[in-house]
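Engineer: Here you go, sequence then predicted model.
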Amino acid sequence: MSQPHEPDDSTRQLPVIEQDPAAGHGLDQSASAADYDPVPVLAEGEADGAGRFWSVRRVPAGLLALVVLVAAGLFLYDIAAVRAHRPAMHWRARLADWLAGHPIDDVAVLAGAAAVALIGVWLIVLAATPGLRGVLPMRRESAAVRAGLDRTAAALVLRDRAMEVAGVQGVRVRMGRARVVVRALSHFRELDDVRADLDAALGAGIRELGLTRPPGLAVHVSRPARKG
């Protein structure tokens, strides 16, 4: 009958003893060497080049259609009234008189023209840009299926992964399209060790999200502020 094997003392993990950062430097917060440039996280395989999702933009399109419809209806009614030998609408007559008394270089005319131009530029930008910045496109495994991941949901997934790292007390994750910024609080262990584990865990987590263009990763680890 075999005897239970006692673990060798030389293989046991020794407790980590850390020096209080506030004792040596007079600071309530200590940051590790985590303020580095974002490290790109490579995806497995090549990206399929799928672009962002396009927004239908129902609200701007509906407002523009409503304004055009009302303006066209008023002008059509006024023209029909004039052709029927009835007087023109009062507002159109006053507008014509006001424009006749104000030259093109008048401040009010220039302000109105600038406002109309800005609205036109805004509409062109809406028509030429995809929108839906909150949806991150995912890699396509099939040409018939296209998937996207909400940025808030992706941030929650990475936050859960970060909370599994030993020594992490709290985490804030800001998920962007080009970079993920993670700010963690560690109440024990060396800060550099915690950051290294966060780099590994979050890097694997970003790859597992299956995004077309995986963002870079920037991790910041610090101590909780002392109370009192």
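Structural biologist: Structure received. On a predicted model such as this, the values are computed, not experimentally measured, just so you know.

Engineer: The lowest-mean-pLDDT helix or strand in the chain: what's the following helix or strand?
Structural biologist: In the chain, no helix or strand scores lower on mean pLDDT, DSSP states H and E than helix 21-25, which sits at a mean of 37. Remark: after helix 21-25, the chain's next helix or strand is helix 58-83, criterion DSSP states H and E.

Engineer: what's near enough to touch the spatially most central residue of the chain?
Structural biologist: For the chain, Gly176 is the residue whose C-alpha lies nearest the centre (C-alpha atoms, centre = their mean; 4.3 Å). Gly176 makes contact with Arg151, Pro215, according to C-beta atoms under 8 Å, 6 or more residues apart in numbering. C-betas here are computed from N, CA, C, even on glycine.

Engineer: And stretch 160-175, end to end?
Structural biologist: 13 Å (C-alpha to C-alpha, to the nearest Å).

Engineer: hmm, who's touching stretch 161-174?
Structural biologist: Under C-beta under 8 Å, 6+ apart, the answer for stretch 161-174 is 155-156, 158-159, 180-189, 193-194, 197-198, 201-202, 204-205, 224.

Engineer: Go ahead and build a PyMOL selection from the buried members of these.
Structural biologist: Of the contacts of stretch 161-174, the buried ones go into a single PyMOL selection, burial set by 16 or more other C-beta atoms under 10 Å:
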select buried, resi 155+158+159+180+181+182+183+184+185+186+189+193+194+197+198+201+202+205
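
Engineer: all helices for this structure, in order.
Structural biologist: Ranges of helices in the chain, per DSSP state H, are 21-25, 58-83, 90-100, 107-128, 151-163, 191-208.

Engineer: hey, which of these is tucked in deepest?
Structural biologist: helix 191-208 (a mean of 18; mean count of other C-beta atoms under 10 Å).

Engineer: Done for today, thanks.
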